[in-house]
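Student: No sequence on hand, only this structure:
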Ligand SMILES: [Zn+2]
């Protein structure tokens, strides 16, 4: 199994995860980079993967930083299915053509060249299929997927993927526990691999993590710390350390993108987790 992070690293937009298992390739989310021009320019880079080789895209929700690259994916040769909840499709039917129209209006190049067009967006919409929450489906052979309620936006889902004995969970953006209009995020069950970037302090509790799994926490949240003095604050991750630490074999915080030291820690923690899971003595590094 191979999992690649093709966006939303070092920034919060451009979510794209590519999961390859056996001969199957499924992308979770397909978002645009948004914000500063330096970021937006990354949308113009040639894809580092072959879109024609991807069997399906599963969307967490309709916000453009999770869905807005789909018209380009289709333009670059993707011919698979795009699967999401019915409300997410209803929102994409409005938002993707609208995004194409805005790209055409804002084209800055000379001659004017839009990132993609309204027509590209309609071609992407032809690939959509919907699945209800909790309806298990196979986007590609060997991969079974279930969409779980995430709150956040109409139709927003967490994507739970089962591949053999391994369960992966992609949180997408999560809503509040007490929103007046939307349901709270549901308890997703424990997973072997959590891809969680939600920006909510200490939201992920220990019961989301299978015993012995390695957790990678990319959250960075500033919260009040009255214990350090009046007006003081501290940084905490998305994982609730007190309940996660006894369950996970290792927690690696990744507060500011991935550098060589972080990669070294991730590799060391993965080896430590594997040894603990196998009941073997933990090696020293
Ligand atoms: Zn969102």
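Tutor: Nice, thanks for sending it over. This one's a predicted model, so the numbers in the text were calculated from it and none came from an experiment.

Student: Show me the strands in the stretch 51-200 of the chain, by range?
Tutor: Taking DSSP state E, counting those that start in this stretch to define them, one finds strands in the stretch 51-200 of the chain at 56-58, 81-84, 128-130, 137-140, 143-149, 157-163, 166-170, 193-195.

Student: what's the closest of the ones you listed to the ion?
Tutor: strand 157-163 (11.4 Å; C-beta to the ion). Where C-beta positions appear, they are placed from N, C-alpha and C, glycine not excepted.

Student: Need the residues that contact that closest one.
Tutor: Residues from elsewhere that reach strand 157-163 (C-beta atoms under 8 Å, 6 or more residues apart in numbering): 1, 19, 21, 26, 28, 58-61, 84-85, 88, 133, 142-150, 167-172, 174, 185-186, 188-189, 191.

Student: Enumerate the residues of the stretch 1-150 of the chain near the ion.
Tutor: residue 63 (C-beta under 5 Å from the ion).

Student: related to what we said a few turns ago, deepest of the strands of the stretch 51-200 of the chain, which one?
Tutor: strand 56-58 (a mean of 25; mean count of other C-beta atoms under 10 Å).

Student: if we can go back for a sec, how about the strands of the stretch 51-200 of the chain in JSON lines, adding mean pLDDT and distance to residue 104?
Tutor: Formatted as JSON lines, those follow (pLDDT from 0 to 100; distance: least, C-beta to C-beta, whole Å):
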{"stretch": "strand 56-58", "mean pLDDT": "98", "distance to residue 104": "23"}
{"stretch": "strand 81-84", "mean pLDDT": "98", "distance to residue 104": "22"}
{"stretch": "strand 128-130", "mean pLDDT": "98", "distance to residue 104": "22"}
{"stretch": "strand 137-140", "mean pLDDT": "98", "distance to residue 104": "31"}
{"stretch": "strand 143-149", "mean pLDDT": "97", "distance to residue 104": "32"}
{"stretch": "strand 157-163", "mean pLDDT": "96", "distance to residue 104": "30"}
{"stretch": "strand 166-170", "mean pLDDT": "92", "distance to residue 104": "31"}
{"stretch": "strand 193-195", "mean pLDDT": "81", "distance to residue 104": "33"}
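
Student: near the ion, which residues of the stretch 151-285 of the chain?
Tutor: Counting by C-beta under 5 Å from the ion, the stretch 151-285 of the chain sits next to the ion at residue 173.

Student: Point me to the residue of the stretch 151-285 of the chain nearest the ion.
Tutor: residue 173 (3.7 Å).

Student: I'd like the average pLDDT over stretch 217-237.
Tutor: Regarding stretch 217-237, the rounded mean pLDDT is 85.

Student: Buried residues, that stretch. List them.
Tutor: Buried residues in stretch 217-237, counting neighbours by 16 or more other C-beta atoms under 10 Å, are found at 217-219, 221, 236-237.

Student: For the residues you listed, work out which two are farthest apart.
Tutor: Using C-beta to C-beta, the buried residues of stretch 217-237 span at most 12.7 Å, a distance reached by 218 and 236.

Student: quick revisit: and the buried residues of stretch 217-237, which is closest to residue 277?
Tutor: Using C-beta to C-beta, the buried residues of stretch 217-237 come closest to residue 277 at residue 217, 19.3 Å.
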